[in-house]
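**Q** Sharing a model that was predicted from the sequence below.
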Amino acid sequence: MDNRGKIKRADTFAFFAFASPWIIGFLGLTLVPMGASLFISLTKWNILTPPVWIGLNNFKTIFTDPLFFKSVKVTLTYAFFSVPLIIILSIFFAMVLNNNLKGMKVFRTITYLPAIVSGVVISLLWKWIYNPDFGILNSMLRAIGIVGPDWIFDQNWALPSLIIMSLWGIGGNMVLYLAGLQSIPTELYEASHIDGANFFVRLFSITIPGISPVLLFTLLTGIIGALQTFTQAFVMTNGGPNNATHFYAFYIYKNAFTWRKMGEACAQAWILFVIIFIITTIVLKATGGHIYYGSAEGDQAQ
């Protein structure tokens, strides 16, 4: 019995020893900063002087600020359009590149490469592309007799321009969908051909259910990423004309490091956390029973 106790204690020690890097990282880089930000959100602090406790006043100020509602609207609009477009195009390219044709590996690499380029580099590149005077996009439009808009310099086109730009990074999702497609048994497609099923029947009866776990993952990560969009607004538009691209994360940055309202910035960050939590919960509830995982007993909906 004593030996069993020693073995159990040794196993427990080994577990915590191996898990300690994650535990230390979680405590030091996640839990403690979250607790600190919650405390700061209840204070008035300009970084240079000691924080002053003001309770929920920061939250009251935020909800009476028109720029808060503007930034929420911009961010949700961006997420509503960019996330589905990225998913649809990623699935399309994954299906095209899932064919065993000559040179297909090269095309897969080319499609994926933009996804690994730094966000700052991509923003600078697209800022040049969108330049209304000498940008490549308007130059191409002028070549065919079309006068292009001012893109990111026009309040009506600034947000659509960033939504179009977001499609540049479909390669990351494409690789995941490609892996999901290759995990679907070919026998299902062969049986569907015998039964005379057309492309759309196979797409919605085999392909989409087959990659549904990957689809759910990319949907959730896409929404979370879109709601935290910052780089484009900071590098390309600085909030845009008439705050047309004043994303919520950019709003937090301005409050924290431009206006030195660190208390309000932390309060805004917690509001964003709640928004992401609510949307994620809704998505998980809405997709319940429609996600299929392969198992030894066959596909099972979760």
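**A** It's in. Numbers count the residues shown, from 1 in each chain.
**Q** could you point out the longest helix in this structure?
**A** helix 66-96 (DSSP state H).
**Q** That one packs against which elements?
**A** helix 158-166, helix 171-182, helix 212-227, helix 248-253 (3 or more CB pairs under 8 Å, 6 or more residues apart in numbering; DSSP states H and E). In short, each C-beta sits where N, CA and C put it, glycine included.
**Q** What residues sit buried inside it?
**A** 68, 70-72, 74-75, 78-79, 81-83, 86-87, 90-91, 93-95 (16 or more other CB atoms under 10 Å).
**Q** Let me see the backbone angles for Gly43.
**A** Just to correct that, residue 43 is Thr rather than Gly. phi -130, psi 170 (degrees, to the nearest 10).
**Q** contacts for the following helix or strand past the longest helix of the chain?
**A** Proceeding N to C from helix 66-96, the next assigned helix or strand is helix 104-112, under DSSP states H and E. The contact list for helix 104-112 (CB atoms under 8 Å, 6 or more residues apart in numbering) reads 93, 97, 170-172, 174-175, 178.
**Q** So what's the gap between helix 104-112 and the chain middle?
**A** Taking CA atoms, centre = their mean, to the nearest Å, one finds helix 104-112 lying 23 Å from the centre of the chain it belongs to.
**Q** Would you indicate which residues of it are buried?
**A** So, applying 16+ other CB under 10 Å, buried residues of helix 104-112: 108, 111-112.
**Q** So which residue is smack in the middle of this protein?
**A** Gly225 (2.2 Å; CA atoms, centre = their mean).
**Q** Please report the distance of that residue from Ile276.
**A** Distance of Gly225 to Ile276, given as CB to CB, to the nearest Å: 10 Å.
**Q** Check Lys102 too.
**A** For Lys102, the distance to Ile276 - CB to CB - is 44 Å.
**Q** next one: Ser139
**A** 40 Å.
**Q** ok so, going back, Lys102 and Ile276: who's more crowded?
**A** Ile276 (15 against 6; other CB atoms under 10 Å).
**Q** I'd like to know how far the more buried one sits from Thr221.
**A** In terms of CB to CB, Ile276 sits 11 Å off from Thr221.
**Q** Next: Val52.
**A** In terms of CB to CB, Val52 sits 38 Å off from Thr221.
**Q** neighbour count winner among those two?
**A** Thr221 (14 against 10).
**Q** Spit out the contact partners of the more buried one.
**A** For Thr221, counting by CB under 8 Å, 6+ apart, there are no contacting residues.
**Q** Pull the distance from stretch 14-32 to the chain's centre.
**A** That offset, for stretch 14-32, works out to 26 Å (CA atoms, centre = their mean).
**Q** returning to what we had before: closest one to Lys60 among the helices and strands packed on helix 66-96?
**A** helix 248-253 (16.7 Å; CB to CB).
**Q** Kindly calculate the angle that the next helix or strand after that closest one makes with helix 212-227.
**A** The helix or strand immediately downstream of helix 248-253 is helix 262-287, counting by DSSP H and E. For helix 262-287 against helix 212-227, the angle by axes from the mean of the first three to the mean of the last three CA atoms, to 10 degrees is 160 degrees.
**Q** Mind listing the strands the helix or strand just after helix 262-287 pairs with, and their directions?
**A** Downstream of helix 262-287, the next assigned helix or strand under DSSP H and E is strand 292-293. Under the criterion DSSP bridges, strand 292-293 sits next to strand 300-301 (antiparallel) in its sheet.
**Q** pLDDT averaged over the strand it pairs with, what's the number?
**A** Average pLDDT, strand 300-301: 51.
**Q** now do stretch 238-254
**A** Stretch 238-254 carries an average pLDDT of 94.
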